[in-house]
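*Asks:* Sharing a sequence plus its predicted fold:
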Number of protein chains: 2
Amino acid sequence: MLGTMQDFPLTIGMLFRHGATLHGDSVVVTLEGDHRRSATFDEVADRATRLAAGLTQLGVGRGDRVATFCWNTQEHLEAYLAVPSMGAVLHTLNIRLFPEQLTYIVEHADDRVVIVDDSLVPVLAKIAADLTTVERYVVVGDGDAAALAEASPQAEIVRYEELLDSGGDEFTWPEIDERAAAAMCYTSGTTGNPKGVVYTHRSTFLHSLALCSAGCLGVTEDDRVLPVVPMFHANAWGLPYVAWMTGADLLMPGRYLQAEPLAGLIAAERATVAGAVPSIWSDLLRFADSNPSAVDFSSLRLVPCGGSAVPQALIEAFQDRYGVEILQAWGMTETSPVAAVAHPPKGVALSDPDAIGWRVCAGRALPGVELRIVGDHGPVPWDDETMGELEVRGPWITGAYYREDSSDKFDDGWLRTGDIGTIDARGYVRITDRSKDVIKSGGEWISSVELENHLMAHPSVAEASVIGVADARWEERPLACVVVVDGADPDAEDLREFLAARVAKWQIPERWAFIPEVPKTSVGKFDKKVLRARHEAGQLDIVEVR
Amino acid sequence: MLGTMQDFPLTIGMLFRHGATLHGDSVVVTLEGDHRRSATFDEVADRATRLAAGLTQLGVGRGDRVATFCWNTQEHLEAYLAVPSMGAVLHTLNIRLFPEQLTYIVEHADDRVVIVDDSLVPVLAKIAADLTTVERYVVVGDGDAAALAEASPQAEIVRYEELLDSGGDEFTWPEIDERAAAAMCYTSGTTGNPKGVVYTHRSTFLHSLALCSAGCLGVTEDDRVLPVVPMFHANAWGLPYVAWMTGADLLMPGRYLQAEPLAGLIAAERATVAGAVPSIWSDLLRFADSNPSAVDFSSLRLVPCGGSAVPQALIEAFQDRYGVEILQAWGMTETSPVAAVAHPPKGVALSDPDAIGWRVCAGRALPGVELRIVGDHGPVPWDDETMGELEVRGPWITGAYYREDSSDKFDDGWLRTGDIGTIDARGYVRITDRSKDVIKSGGEWISSVELENHLMAHPSVAEASVIGVADARWEERPLACVVVVDGADPDAEDLREFLAARVAKWQIPERWAFIPEVPKTSVGKFDKKVLRARHEAGQLDIVEVR
């Protein structure tokens, strides 16, 4: 028996209309060095309409890929709204990828048009000669684009504002199937080629709605949302669509992602919700230490944070010193990305001493998402102890990779995340490691992440990354690579003593390397692949202490 | 181009699993006269599983209709969870309908099983002889069921607890298409036979998720939700599913819907969100006046209110005297039911003197829902002035009625609501009347609802209902039917003077009837059909003042 409900598709077009018609007075502010420009949702909606009309005039049609190579700006938001709503597919390119990865991705996705910030023209020009699928570059801003023209003479260079003027003010938005492609994003895999995830209209709408839940981010039109996390990194965690849907003002940092301009933007525009990876918040904390008068975090009510495990010390520092709630969120490009958030359970207030135990874990599944831990013999009990691989399913979780056979990444309809962890009786997931990073010592597993978290809570440690290295007796043992705080001078003995009070004795590393900084991937995560390579090449200066 | 997202259905089964696995410690409290009983979500989930197993043993299969004839109780919630999740269709019967309507509905829906509270056996027994489709009555509670057995000897009588014990603890929940029927509800039409609306798994999941938005009800697991609005009345506005999904505790009032037990329940259980029609809140306000020490509203953070227009005086009384926010919500059985809520716009606080202007209107569409006003020549401009019929569309809005041709109720994919109103530049809808209640005086429209709202703000007026009556000169003129507050004695002149400061002179009624109470429909709305009939039969004592 079928229902009588309307067959009404969940689309980004609907989300776009909602924000445009109900929240036209809300604003998008974009940071431009020493000044900020602002546009209302009405103006942005009008410009997005003209963008769709202009792209149509360029021949962009249903299903065509339109890439962006942009910072977080008003224009990038216009592309977020216009491209999927016109039936084309938005492909957000990660500007920080290595040239060969970028080239592979553009070609693999078959991008026909690339919208590029003028400040990024030099970066893109380096690979433009190899981008055979691209017919046109649409340059945002008045900056010099000669390098692109030179590198890619076969492609046409169009100015973004001229494109907006070319198509007229009217555009008839098409009807779109909710399972049609809306956007795509490639994961920068640590092995092999990057893999593409193709979001649907349905998945994006549902993800946005779920994030609006009071039990998730609870964004309303009274918020001012600052996506520091790039719009080319897993859709800026959905924050641009969430803000548009709810009518929250959007604060776009452009390319000014250093602590000083970010602190200035938060203070000047009274951001209430700001999302960024942990390293950005560590930077802001350090900046605040040395520039207390330049910082005002009092407007922030919620800081979604993820991408890598959020150190307990960071959560506590923001809570205790500024009353700012850092909310750990867990997800991947493959999960749209937000699949879980780590609010403490019912009845446990943030001020409760127990709360931190929940806040440092990966959290519980959002309504719509299901999580489980799978061991060698299938799903494990929800006992907070048994380890296995985290698997996830739901309507905004990918079920495949674009044009790639990767059935080994899926398990009976569930996505295998590659994260190793446990799950407790109430569904809280604790991730102890990436499956490739877990250290197997004498038949027992040591969590590199847990060691890192403890080390980074030491006042003299700025960053710590732990990798497994071959050991004659135990097969593998942890090597701790530590970045010390300026002016501090802890030795390995100090740190071993510090750990002794926190982890089992057999987990304490004997091998220590003090390094100037932890190498990072293009999205800011600790790059253990590089650390391992340096270790194998004998480039790390190792102290052994037993 | 299709996306790579998982083809994962939105179902009540998923919602059920979510609450059961993540929020097993939350509780459902049911009021039983002078005591309250409580069960955890874990226990309720276990019992719902056994209910599904038991119903399956009775032969209930995919698509079969299982009706409920119950108050708001834990057992009714168990049916809400089990029946759709097992693939059957939950049909909530309105216990207050007239016998011939009820008989029509049960037969029209083809209900095979009816779950009935023992306290309601006498009501159901009156029509049971005519219910030819019903094979079994499942009686909740130990009360006498002899009357049912007598009226319907061909049907089997089963006790609810015995049914739960009969099927075992295990049940394999089936996979269900999200567009399959999950539940149904009939609207008690004012003309013709009641019409059935069949909700899908998809529509119910989406409606529940949308209500969790911070910009709507913002329910979280820290809430304690009291659905006073019956679960047989438009799904108790979705509150049971919202609470289950978020892990909010549920407070079930059973059959104790009078002001005194409700006030007691709110105070004793510290309800935070309580939904009821305006007349219930008026009752509570009056009760509070005479029993101040029996009332404690301090736990209430939000009171969703709808079903009929919420009087401004009621909103202000709760705000000013108790700091309780009444949130007007608009919807119909056909819209799941919540389609719009009347939060004031961005930047307007509840304490702002302007806020009330927004709070008394029907509100703005939730994300996912679209509203428009259609006049004689199509959609009207969003100017807050042009009147027409409100139309609505979206994924939780009905597109048809069950086994009934009613194409006149739909307009190019939009549901025609029968409400007359305006819409402003930001999408706020003001409903001025039901299309059948609007008064056409000398070519101009007079809103009966507006006059009622003003009259009910007069300190001596308890209730007021305005109907159009024939007038030789103006075609139609308003007749104000007024219920005065105990002990007050306003005359028509007083009330005309009161209105003179509030509406245009030509809108002020000349005809007045002072009546002991306004007749109500089975769902508690002013029943103007009855008033009109009384007027035509000459039963109203009319004072004419000019």
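*Replies:* Cool, got the structure.

*Asks:* got a list of contacts for the helix or strand where residue A:225 lies?
*Replies:* If you go by DSSP states H and E, residue A:225 is part of strand A:224-227. Contacts to strand A:224-227, defined as CB atoms under 8 Å, 6 or more residues apart in numbering or on different chains, come from residues A:72, A:219, A:236-237, A:239-240, A:242-243, A:248-253, A:265-266, A:269-275, A:299. Every C-beta, even on glycine, is put in place using the N, C-alpha and C of the backbone.

*Asks:* ok, of the residues you listed, which come out buried?
*Replies:* Buried subset of these (neighbour count, 16 or more other CB atoms under 10 Å in any protein chain shown): A:72, A:219, A:236-237, A:239-240, A:242-243, A:248-253, A:265-266, A:269, A:271-275, A:299.

*Asks:* Go back to those residues and keep what's next to chain B.
*Replies:* By CB under 8 Å from any CB of the partner chain, the members of the buried ones among the contacts of strand A:224-227 lying near chain B are residue A:219.

*Asks:* Among the buried ones among the contacts of strand A:224-227, which lie within strands?
*Replies:* For the buried ones among the contacts of strand A:224-227, the ones inside strands are A:249, A:250, A:251, A:252, A:273, A:274, A:275, with DSSP state E as the criterion.

*Asks:* Quickly note the distance from the first one to residue B:368.
*Replies:* Noted for residue A:249: a distance of 22 Å to residue B:368, by CB to CB, to the nearest Å.

*Asks:* now residue A:319
*Replies:* Distance, residue A:319 to residue B:368, by CB to CB: 35 Å.

*Asks:* With neighbour numbers in mind, choose between these two.
*Replies:* Shown here are residue A:319 and residue B:368; by other CB atoms under 10 Å in any protein chain shown, residue B:368 has more neighbours (24 against 17).

*Asks:* Please look at the more buried one and residue B:208 and confirm they touch.
*Replies:* No - under the criterion of CB atoms under 8 Å, residue B:368 is not in contact with residue B:208, lying 11.6 Å apart.

*Asks:* any chance you could map the helices in the stretch 251-400 of chain A?
*Replies:* Listed in chain order, the helices of the stretch 251-400 of chain A (DSSP state H, counting those that start in this stretch) span A:259-269, A:278-290, A:312-322, A:355-359.

*Asks:* Tell me which other helices or strands the third one touches.
*Replies:* Using 3 or more CB pairs under 8 Å, 6 or more residues apart in numbering or on different chains; DSSP states H and E, the elements in contact with helix A:312-322 are helix A:278-290, strand A:326-331, helix A:355-359.

*Asks:* For chain B, give me its nearest residue in the stretch 401-546 of chain A.
*Replies:* Among the residues of the stretch 401-546 of chain A, residue A:427 lies closest to chain B, at 4.3 Å counting by CB to the nearest CB.

*Asks:* Now name the helix or strand holding that residue.
*Replies:* Going by DSSP H and E, residue A:427 is not in any helix or strand.

*Asks:* Residue A:170 - how many residues pack around it?
*Replies:* 8.

*Asks:* Can you tell me which of the ones in strands among the buried ones among the contacts of strand A:224-227 is closest to chain B?
*Replies:* Of all these, residue A:249 has the smallest distance to chain B: 8.4 Å, by CB to the nearest CB.

*Asks:* Skipping adjacent residues, who's closest to that closest one in space?
*Replies:* Residue nearest to residue A:249 in three dimensions, not counting chain neighbours: residue A:224, with 4.4 Å by CB to CB, 6 or more residues apart in numbering or on different chains.

*Asks:* what does residue A:485 give?
*Replies:* Nearest residue to residue A:485, sequence neighbours excluded (CB to CB, 6+ apart): residue A:462, at 4.9 Å.

*Asks:* The least confident helix or strand in chain A by mean pLDDT pairs with which strands?
*Replies:* Confidence across the helices and strands of chain A bottoms out at strand A:444-446, with a mean of 79, counting by mean pLDDT, DSSP states H and E. Sheet pairing of strand A:444-446 (DSSP bridges) gives strand A:439-441 (antiparallel).

*Asks:* Near chain B, which residues of the stretch 351-500 of chain A are found?
*Replies:* A:364-365, A:367-368, A:370, A:382, A:393-402, A:413, A:415, A:425-427.

*Asks:* 10 Å - rerun?
*Replies:* A:364-372, A:382, A:392-404, A:410, A:413-415, A:423, A:425-428 (CB under 10 Å from any CB of the partner chain).

*Asks:* Quick one, which of the residues you listed are buried?
*Replies:* Neighbour-count burial (16+ other CB under 10 Å) applied to these gives A:364-372, A:382, A:392-402, A:410, A:414-415, A:423, A:426-428.

*Asks:* Next, check those against the strands and list the overlap.
*Replies:* The strands, defined by DSSP E, take in A:364, A:365, A:370, A:371, A:372, A:392, A:393, A:410, A:414, A:415, A:423 from these.

*Asks:* Please give me every residue in contact with the fifth one.
*Replies:* For residue A:372, the contacting residues are A:365, A:378-380, A:382, A:388-393, A:411, A:414, A:423, A:427, A:429, B:21, by CB atoms under 10 Å, 6 or more residues apart in numbering or on different chains.

*Asks:* same question, the third one
*Replies:* With contacts taken as CB under 10 Å, 6+ apart, residue A:370 has the following neighbours: A:339, A:391-394, A:397, A:414, A:427, B:8, B:14, B:17-18, B:21-22.

*Asks:* Export these to CSV and append columns for distance to residue B:294.
*Replies:* Listed next are the contacts of residue A:370 as CSV, based on distance: CB to CB, whole Å:
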residue, distance to residue B:294
A:339, 47
A:391, 53
A:392, 50
A:393, 50
A:394, 46
A:397, 51
A:414, 53
A:427, 40
B:8, 49
B:14, 42
B:17, 40
B:18, 37
B:21, 39
B:22, 36
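
*Asks:* Of the residues you listed, which is the nearest to residue A:134?
*Replies:* Comparing the contacts of residue A:370 against residue A:134 with CB to CB places residue A:397 closest, at 30.3 Å.

*Asks:* need the strands for the stretch 1-150 of chain A, in chain order.
*Replies:* A:27-32, A:35-40, A:65-69, A:89-92, A:111-117, A:136-140 (DSSP state E, counting those that start in this stretch).

*Asks:* Run through who's touching the second one.
*Replies:* Which is strand A:35-40. Outside strand A:35-40, the residues within contact range by CB under 10 Å, 6+ apart are A:23-31, A:45-47, A:73-75, A:77-78, A:249-252, A:254, A:264-265, A:268-269.

*Asks:* Repeat the analysis, applying 6 Å as the threshold.
*Replies:* A:25, A:27, A:28, A:29, A:30, A:74 (CB atoms under 6 Å, 6 or more residues apart in numbering or on different chains).

*Asks:* Tell me the one of those nearest chain B?
*Replies:* Distances from chain B to the contacts of strand A:35-40, taken by CB to the nearest CB, are shortest for residue A:25, at 7.0 Å.

*Asks:* can you pull the pLDDT of that closest one?
*Replies:* pLDDT for residue A:25: 97.

*Asks:* hey, where'd the helices end up in the stretch 1-150 of chain A?
*Replies:* Assigned by DSSP H, counting those that start in this stretch, the helices in the stretch 1-150 of chain A fall at A:12-22, A:41-57, A:74-85, A:99-109, A:121-128, A:146-151.
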